[in-house]
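Colleague: okay, predicted coordinates and the sequence, questions at the end:
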Amino acid sequence: MAGDTFTGKVVIVTGGGSGIGAATARLFAAEGATVVIVGRTQTKLDKVVSDAPAGSTLIARVGDVSDEEEITELVEAVASDHGRLDTLVNNAARCEPLGSVSDIDAAGWRRVMATDVDGVFFASRAALPYLRAVGGSIVNVGSASGLGGDWGLAAYDAAKGAVTNLTNAMALDHGAEGVRVNAVHPSMISTDMTAGFLRNDAIVAAALNRVPLQRFGDPAEAASVITFLASPAASYVNGAHIRVDGGLGASNGNPHLA
C-alpha cells in the first residue's frame, strides 16, 4: 500500500495499547488515517501515541469494550468529533483464566466472554450506523484458537469461536448495506498476551515444531493483513477468515516425523 491509502479515513482500534492493536494503529496512521486507540490503561495508550509515525494522527481514548454504555458513547464521540468512521478493528481480548471447564469458575468465564465476545458485539453495534454511511468495514481479530481447540483454554477457545461465527453472521447481514466484515486469526504472535507461554521453553519447542515457518510472528505481520482487509484492495472481500499463523493451520494434526 502507498503511504496515503487511508488519508481522510477514521479508524478505531480496540485493545490498542500493545501488541497487534498497537502495531495496527501505527500502520493505519502511517498510511494517513486518523486513528483512535481504545484500551483500559492510559499509560500503555500514551506510549503507543508517543511512538506514532511523525506527522501522523493517533489519539488515545480510555475505555472498556465490555461496558456497553461506555464503548457506545466512545464510538459515537469519535464519529462526532471527526465527522465519520470508516473502520472498526475489534482487537481487544483477554485470555485468562486458563483451564478446562472443570477448572475455571463462572466469574472467570464471564470476564473472558465480556471482553472477547460482548465487546465485539457492543463496539460493532455502535459503529454500524457510521460505517453504513461511508461504506466502511469491520475487521475482527480472532485467533487460531477460534478455528480449532487448545488444551486448557476452554473459555478463550469458546470466545474466539464465537467471534469466528459472529464474523460470518455480520458479513451476511451487513454486506448489502455496504459494510464488509472480515476476520484475521493469528497464532503465536509475540505479544503481551502470549509472553507467559513464550517464556516456557517446553511450550516454545513444541510450538515451533508445529509451525512450518519455524518462528513466532511479529505483531506487524498481523497488522499488515488487518490493514489490507480494510483497504480498497480488499473491496470484494467479505466474510473472509485469514490465518496469520506461519502455516500452522495447514497441518492435519499428525506429528512432525521428519
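Modeller: On my side now, so go ahead.
Colleague: which stretches of this structure form helices?
Modeller: All helices of the chain, identified by DSSP state H, fall at 19-30, 42-50, 68-82, 106-113, 119-134, 154-174, 195-198, 201-210, 219-230.
Colleague: go through these and pick out the most buried.
Modeller: Most buried of the helices of the chain by mean neighbour count (mean count of other CB atoms under 10 Å) is helix 19-30; its value is a mean of 27. Using the backbone N, CA and C atoms, a C-beta is placed for each residue, glycine as well.
Colleague: tell me how many other residues crowd Ser235.
Modeller: Other residues within reach of Ser235, judged by other CB atoms under 10 Å, total 10.
Colleague: kindly apply the preceding question to Trp151 instead.
Modeller: The burial count for Trp151: 9, using other CB under 10 Å.
Colleague: out of the helices of the chain, nearest to Ser251?
Modeller: Among the helices of the chain, helix 201-210 comes nearest to Ser251, with 6.6 Å by CB to CB.
Colleague: mind showing which ranges of the stretch 151-258 of the chain have poor pLDDT?
Modeller: Counting by pLDDT under 70, the stretch 151-258 of the chain has low-confidence residues at 193-199, 258.
Colleague: swap the cut-off to 90 and go again
Modeller: Within the stretch 151-258 of the chain, the ranges that satisfy pLDDT under 90 run 188, 190-216, 251-258.
Colleague: out of the helices of the chain, which is closest to Ala250?
Modeller: Judged by CB to CB, the one of these that comes nearest to Ala250 is helix 201-210, at 10.2 Å.
Colleague: so which elements touch the closest one?
Modeller: helix 195-198 (3 or more CB pairs under 8 Å, 6 or more residues apart in numbering; DSSP states H and E).
Colleague: for Gly246, which non-adjacent residue is spatially closest?
Modeller: Leu213 (3.8 Å; CB to CB, 6 or more residues apart in numbering).
Colleague: please report how far the nearest residue to Ala60 once chain neighbours are set aside lies from Val35.
Modeller: In space, and not counting its chain neighbours, Ala60 is closest to Leu45: 3.6 Å by CB to CB, 6+ apart. In this view, Leu45 and Val35 are 11 Å apart by CB to CB, to the nearest Å.
Colleague: related to what we said a few turns ago, contact partners for the residue nearest to Ala60?
Modeller: 16-17, 37, 39, 60-62 (CB atoms under 8 Å, 6 or more residues apart in numbering).
Colleague: repeat for Val62
Modeller: Val62 neighbours (CB under 8 Å, 6+ apart): 38-42, 45.
Colleague: for those residues, which one is nearest Ala159?
Modeller: Arg40 (17.3 Å).
Colleague: I'd guessed that closest one sits against Arg61; true?
Modeller: No - applying CB atoms under 8 Å as the test, Arg40 and Arg61 come out as separate, 10.8 Å apart.
Colleague: how about Leu208, what does it touch?
Modeller: Contacts of Leu208 (CB under 8 Å, 6+ apart): 214-216.
Colleague: sorry, that was for Ser137
Modeller: Here Ser137 is in contact with 86-88, 131, 179-182, 229-230 (CB under 8 Å, 6+ apart).
Colleague: quick one: the nearest residue to Lys160 once chain neighbours are set aside from Ala126, how far?
Modeller: In space, Lys160 comes closest to Gly146 once its chain neighbours are excluded; the distance is 3.0 Å by CB to CB, 6+ apart. Going from Gly146 to Ala126 by CB to CB gives 22 Å.
Colleague: what do you get for Met188?
Modeller: 31 Å.
Colleague: give the contact list for Val65.
Modeller: 14-15, 38, 71, 90, 92, 115, 118-120, 122-123.
Colleague: dump those to JSON lines, plus pLDDT.
Modeller: JSON lines is the format used below for the contacts of Val65 (pLDDT from 0 to 100):
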{"residue": "Thr14", "pLDDT": "98"}
{"residue": "Gly15", "pLDDT": "97"}
{"residue": "Val38", "pLDDT": "98"}
{"residue": "Ile71", "pLDDT": "98"}
{"residue": "Asn90", "pLDDT": "98"}
{"residue": "Ala92", "pLDDT": "98"}
{"residue": "Thr115", "pLDDT": "98"}
{"residue": "Asp118", "pLDDT": "98"}
{"residue": "Gly119", "pLDDT": "98"}
{"residue": "Val120", "pLDDT": "98"}
{"residue": "Phe122", "pLDDT": "98"}
{"residue": "Ala123", "pLDDT": "98"}
